[in-house]
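K.L.:
Below are the sequence and a predicted model for it; my questions follow.
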Amino acid sequence: MNKRFIIFLIATVSLNSACEIDDICVEPTTPNLVLRFYDATSTTTIKATDSLYIWAEGKDSLYLNEAVDSIAIPLNPLTSETVYNLSQGTLLLNKLTITYTPEEEFTSRSCGYRFTYKDVSLSLDSPSNSWISSITPTIIPSITNQDSAHVQVFH
């Protein structure tokens, strides 16, 4: 009986020491949509906004009175559409509607799951004298990271 217990104990210790425990999450997380602002007259020149206000429909402001040349905005992985309102100072409001297909993927035991976005489509509802002249691209095949800008916003 004592011999069986020792063999069982050795086998258990051997199996447990062969496993690696993921304590630190270094995998990428759910990416945000990155917008970069450019000059509408010189389309290769980055141009910061003047006091940008941005908020999702039904939510509070994300950026308030900030002069920025790029922003990273989250998409709601529980729906297939997120709508943002963008305003620059006292200039008219633009509505950016983003539709997508969220896909959940397992990254690791320590990080759990993350979402990526497929078939992303953007549309800009602009008044005639809007501060945003255009965006490009309006179709993005997938968003899997936020290492660089996904969308160029010309103003």
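P.N.:
Now that the structure is in, tell me what you want to look at. Residues are numbered from 1 along each chain as shown.
K.L.:
ok, the residue nearest to residue 36 when sequence neighbours are not counted - contacts?
P.N.:
Sequence neighbours aside, residue 149 is the residue nearest to residue 36 in space, at 3.7 Å (criterion: C-beta to C-beta, 6 or more residues apart in numbering). No exception for glycine: its C-beta is placed from N, CA and C like everyone else's. Shown in contact with residue 149 (C-beta atoms under 8 Å, 6 or more residues apart in numbering): 34-36, 70.
K.L.:
swap the cut-off to 10 Å and go again
P.N.:
By C-beta atoms under 10 Å, 6 or more residues apart in numbering, the residues touching residue 149 are 33-38, 46, 69-72.
K.L.:
Which parts of this structure are helices?
P.N.:
In the chain, the helices defined using DSSP state H lie at 2-18.
K.L.:
Now the residue most central in space within it, what are its backbone angles?
P.N.:
By C-alpha atoms, centre = their mean, the chain has its centre lying nearest to residue 32, at 0.9 Å. Residue 32 has phi and psi values of phi -90, psi 160 when expressed as degrees, to the nearest 10.
K.L.:
returning to that earlier point: could I have the ChimeraX command that selects the buried members from the contacts of residue 149?
P.N.:
Only the buried entries of the contacts of residue 149 go into this ChimeraX selection, using 16 or more other C-beta atoms under 10 Å:
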select :33,34,35,36,37,38,70,71
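K.L.:
Please render the contacts of residue 149 as a markdown table that adds pLDDT and distance to residue 132 to the earlier fields.
P.N.:
A markdown table is the format used below for the contacts of residue 149 (pLDDT from 0 to 100; distance: C-beta to C-beta, whole Å):
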| residue | pLDDT | distance to residue 132 |
| --- | --- | --- |
| 33 | 97 | 15 |
| 34 | 96 | 16 |
| 35 | 95 | 10 |
| 36 | 96 | 13 |
| 37 | 95 | 9 |
| 38 | 97 | 11 |
| 46 | 96 | 15 |
| 69 | 92 | 14 |
| 70 | 93 | 14 |
| 71 | 92 | 13 |
| 72 | 92 | 18 |
